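# Below are the sequence and a predicted model for it; my questions follow.
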Amino acid sequence: MPTLGGKVDLNIGAGARSGQKLRLKGRGLPVPGGAPGDQFAVLQIITPPADTGERKALYEKMAHEMPFDPRAHLGA
């Protein structure tokens, strides 16, 4: 990932979510007379397109075998 201080490698853990913020300590703008501050990266998870019948079938298989309700924690 490019940062203000140069390129860095990020390890993104299992269970990461879109919109989650990661702090890159010491990779931000320098403070006058001090060390650089922190830079934040916001995750944006993009799924591969289901642009063929085979890929669409794979998504349907995943939905069937791994049921998941992303709004379950909302109590709605």
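Right, received. Where do you want to start? Computed from a predicted model, the values in this text were never measured in an experiment. Numbers count the residues shown, from 1 in each chain.
# how close does the residue of the chain most remote from its centre sit to residue 17?
Distance from the C-alpha centroid of the chain, by CA atoms, centre = their mean, peaks at residue 33 (33.2 Å). Distance of residue 33 to residue 17, given as CB to CB, to the nearest Å: 37 Å. Quick note: C-beta positions are derived from backbone N, CA and C, even for glycine.
# in the chain, which spans are helices?
53-65 (DSSP state H).
# And the residue nearest the centre of it, how far from residue 75?
In the chain, the centroid-proximal residue (CA atoms, centre = their mean) is residue 43; its distance is 3.0 Å. Distance, residue 43 to residue 75, by CB to CB: 25 Å.
# again, but for residue 52
37 Å.
# Between these two, tell me which one has more neighbours.
residue 52 (9 against 5; other CB atoms under 10 Å).
# Could you measure from that one over to residue 62?
15 Å.
# same question, residue 41
Counting by CB to CB - residue 41 and residue 62 are separated by 27 Å.
# Please say which of these two ends up with more neighbours.
residue 41 (17 against 11).
# what bits of the protein have low per-residue confidence?
Low-confidence segments of the chain (pLDDT under 70): 76.
# do that again at 50, thanks
Counting by pLDDT under 50, the chain shows no low-confidence range.
# all strands for it, in order.
2-3, 6-7, 21-24, 39-42 (DSSP state E).
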